[in-house]
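**Q** Prediction below, plus the sequence it came from.
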Amino acid sequence: MPLHRRIADAVLTTDPVQRMRLSQAGLAMLLMAAGVVAMQYFVAVGAAPAGPVHLWTAASLGGMVVFFILIRSGWSRRLDDPSLTLAQMMYAISSGAAAYALVGEGRGGVFPIVMVVVAFGLFQLRPREFSAVGLFAVGLFGVVMATMAHLKPAVYPPRVELGHFLMIATMMPAMALLAARFSALRQRLRQQKHDLSHALARIQELATRDELTGLVNRRHMQTLIEQAHRRCARSGQSFCLAVLDVDHFKAVNDNHGHATGDEVLRSVAQEMQTTVRLSDTLARWGGEEFVLMMSDTHAPLARGGLERLRERVAQLCVLVPEGELRISVSAGLAEHRPGESVEDTLARADAALLEAKQQGRNRVVLAP
Ligand SMILES: Nc1nc2c(ncn2[C@@H]2O[C@H](COP(=O)(O)OP(=O)(O)OP(=O)(O)O)[C@@H](O)[C@H]2O)c(=O)[nH]1
């Protein structure tokens, strides 16, 4: 990893949310540093007193560093606003108001900086919080302007200060209006994101699940078998595939109707799903046919599991309007051979299923 990336990770962490908060605090620190440069300029040209400006510099920059540390250490996580946006804005506005009182004739430069500070809140604060910041700024600057006009009327003429105050007092509500619009936009985006992820989950569900039984569908099962095939080819582990078919299912449909047939399929699927191991995958392959993939196992063990499955289905009583219905399944099992294609393993399992049907159904036959 390049050095600058490693430094950025060390300073800003690798947690994306924390990183965003710290980047913003870093940006605020840079903005404050730009303000410090401007203040030093006014000291150099004799417009501001050196001593108080040094104090102001230490307090302003130091404050921003403290905010950065509070976020970086994770301390701010316990607060409602872990990014400390509101607190940072209030602090920066207070620092701007102090600068306004210090720089005399250069005070016009404070306004654009305050506006940038306020712009930080446009993207994060709720309208009510933003209005609070606006009110705070108008109130604080009002007090500073009135005090300076009173203390140093030659540098801060009252009529000019009144103009400045009116300017800031009209700009803040305008910014608050913008903040409300941004907030509504953010809310809409959040809702859209929520709806989209909901729709995506639903699409995922539709694409991978069988609607009737809730089992993995054929398409997704093919992908899963291919993945298992590749994994086993690498690791040398073995896996088995079984094809299961409900016996005389046509008779269920014919005697009790399609709806009962569907109910039988659902019950059989549910029973089998609760019986198979967590590491096994059961899919509805189509119609009344199911495929079971048993990973990391050999034929004798798989056969035992499959026999258990068959017995559980044979014990199942499906309630139908006419009474109780007994169901059975036949299964063909094949262990995947190294170098064999998945299709060939499935074909062998299919042939074993045919054998099970021919032998009288309700049994498991292992492919040779
Ligand atoms: N209710 C219902 N029936 C289905 C569904 N899919 C397929 N079938 C029916 O399942 C029956 C399958 O019949 P067959 O293939 O003849 O097999 P079987 O009657 O089970 O006989 P064996 O497999 O030989 O024991 C057909 O009647 C299909 O119409 C489904 O989703 N719901």
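**A** All right, it came through fine.

**Q** Spit out the contact partners of residue 122.
**A** 130, 175, 178, 179, 182 (Cβ atoms under 8 Å, 6 or more residues apart in numbering). C-beta coordinates here come from the backbone N, C-alpha and C atoms, glycine included.

**Q** Without its sequence neighbours, what residue ends up closest to the second one?
**A** With sequence-adjacent residues excluded and distances taken as Cβ to Cβ, 6 or more residues apart in numbering, residue 175 is closest to residue 118, at 5.3 Å.

**Q** Hmm, the one you found is touching residue 133, no?
**A** Yes - Residue 118 lies in contact with residue 133 (Cβ atoms under 8 Å); the separation is 6.8 Å.

**Q** Give me the common contacts of those two.
**A** Shared contacts of residue 118 and residue 133, defined by Cβ under 8 Å, 6+ apart, are found at 89, 93.

**Q** pLDDT of whichever strand or helix holds the residue nearest to residue 175, averaged?
**A** Residue 118 is part of helix 110-122 when elements are defined by DSSP states H and E. In this model, helix 110-122 has an average pLDDT of 86.

**Q** gap between the residue of the stretch 251-368 of the chain found nearest the ligand and residue 207?
**A** Nearest residue of the stretch 251-368 of the chain to the ligand (Cβ to the nearest ligand atom) works out as residue 261 at 2.6 Å. Using Cβ to Cβ, to the nearest Å, residue 261 is found at 25 Å from residue 207.

**Q** of those two, who's got more company?
**A** residue 261 (21 against 10; other Cβ atoms under 10 Å).

**Q** Looks like that one contacts residue 252 (just checking).
**A** Yes - assessed by Cβ under 8 Å, residue 261 is found in contact with residue 252 at 5.1 Å.

**Q** Need the outlier residue of this protein, farthest from its centre.
**A** For the chain, the largest distance from the centre (Cα atoms, centre = their mean) belongs to residue 154, which lies 58.2 Å off.

**Q** Using the three-state scheme, assign it.
**A** coil (DSSP: H, G, I helix; E, B strand; the rest coil).

**Q** With just CA atoms, put stretch 296-310 into CSV.
**A** Extracted in CSV, the C-alpha atoms of stretch 296-310 (Å, rounded to 0.1, in the frame of the first residue of the first chain):
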residue,chain,number,x,y,z
ASP,A,296,-17.9,-32.6,2.2
THR,A,297,-19.3,-36.1,2.4
HIS,A,298,-19.0,-39.6,0.8
ALA,A,299,-21.8,-41.8,-0.6
PRO,A,300,-22.3,-44.1,2.5
LEU,A,301,-22.8,-41.2,4.9
ALA,A,302,-24.9,-39.3,2.4
ARG,A,303,-27.0,-42.3,1.9
GLY,A,304,-27.7,-42.5,5.6
GLY,A,305,-28.8,-38.9,5.6
LEU,A,306,-31.0,-39.4,2.6
GLU,A,307,-32.6,-42.5,4.2
ARG,A,308,-33.5,-40.3,7.2
LEU,A,309,-35.0,-37.8,4.9
ARG,A,310,-37.0,-40.4,3.1
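
**Q** which parts of that stretch are buried?
**A** Across stretch 296-310, burial judged by 16 or more other Cβ atoms under 10 Å covers 296, 297, 299, 302, 303, 305, 306, 309, 310.

**Q** Please flag which of those residues sit within helices.
**A** The members of those that map onto helices under DSSP state H are 299, 302, 303, 305, 306, 309, 310.

**Q** Go through those residues and say which is closest to residue 201.
**A** The closest of those to residue 201 turns out to be residue 309 (Cβ to Cβ; 29.8 Å).

**Q** Dihedrals phi and psi, the nearest residue to the closest one once chain neighbours are set aside?
**A** Of all residues not flanking residue 309 in the chain, residue 275 sits nearest, at 5.2 Å (Cβ to Cβ, 6+ apart). Residue 275 has phi and psi values of phi -90, psi -30 when expressed as degrees, to the nearest 10.

**Q** Over to residue 281?
**A** Backbone torsions for residue 281, taken as degrees, to the nearest 10, come to phi -120, psi 130.

**Q** Can you tell me the SS state at the spatially closest residue to it that is not a sequence neighbour?
**A** The shortest distance from residue 281 to any non-neighbouring residue, by Cβ to Cβ, 6+ apart, is to residue 293 (4.6 Å). Put simply, residue 293 is strand when judged by three-state DSSP.

**Q** does residue 293 really touch residue 280, like I thought?
**A** Yes - between residue 293 and residue 280 there is a contact under Cβ under 8 Å: 6.4 Å.

**Q** now for the longest helix seen in the chain, which elements pack on it?
**A** Ranked by residue count and defined by DSSP H, the top helix of the chain is helix 158-208. Judged by 3 or more Cβ pairs under 8 Å, 6 or more residues apart in numbering; DSSP states H and E, helix 158-208 is in contact with helix 110-122, helix 127-151, helix 218-235.

**Q** which stretches of the stretch 1-150 of the chain form helices?
**A** 3-12, 16-44, 50-72, 85-102, 110-122, 127-151 (DSSP state H, counting those that start in this stretch).

**Q** now the third one: how far from the chain's centre is it?
**A** Pointing back at helix 50-72 there. Its chain's C-alpha centre and that of helix 50-72 lie 35 Å apart, by Cα atoms, centre = their mean, to the nearest Å.
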